[in-house]
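> When you get a sec, could you give me coordinates for this:
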Amino acid sequence: MNHDLDLNDQRELSRLLRELSTVEPSAERLADGGHPGPYHVPEPLDGPGYEIETRTEAGMHTVVGIAADTPPSEEERVLLRSVVRALLDLAGHDAGTVHTRVVLTPRGPQITSCRVARTP
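Presented below is the predicted three-dimensional model:
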């Protein structure tokens, strides 16, 4: 089975990952009696930000790097890996490299961006 994504597939997956990363905050607003949209509301995010690189083969996501100004604690590493893997599972991502930015806010982790790396 060929797992190489063409450029259009990469763009579609990147779009889907960005949309999925905004669903949880919208669902939270709706559950609290608020309006469900828009999906993305620009707001300052307080907390440390992390860049997580994952590589996926046959649907198995491996975190290969977590970059930040301040290294995360082991508890934060577990949380970051879990959040990113859940997003990739939800999106149905089954192969390739993805870069995800997560901010650990007092309200919980917030995914601020997610993009599929282009293959050479």
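> Residue ranges in the chain under the pLDDT threshold?
1-43, 119-120 (pLDDT under 70).
> Can you name the element that comes right after the helix or strand encompassing Asp89?
If you go by DSSP states H and E, Asp89 is part of helix 74-91. On the C-terminal side of helix 74-91, the closest following helix or strand by DSSP H and E is strand 96-105.
> And the next helix or strand past that next one?
strand 108-116.
> and the angle for that next one with helix 74-91?
50 degrees (axes from the mean of the first three to the mean of the last three Cα atoms, to 10 degrees).
> Report the strands that pair with strand 108-116, each with its relative direction.
When pairing is defined by DSSP bridges, strand 108-116 lines up against strand 96-105 (antiparallel).
> Name the residues of the strand it pairs with that are buried.
Using 16 or more other Cβ atoms under 10 Å as the test for burial, strand 96-105 gives 96, 98-104. All C-beta atoms are positioned from the backbone trio N, CA, C, and that covers glycine.
> likewise stretch 108-120?
109-111, 114-116.
> With stretch 57-67 instead?
Those would be 61, 63, 66, for stretch 57-67 by 16+ other Cβ under 10 Å.
> So which of these sit within strands?
Among these, the members falling in strands (DSSP state E) are 61, 63, 66.
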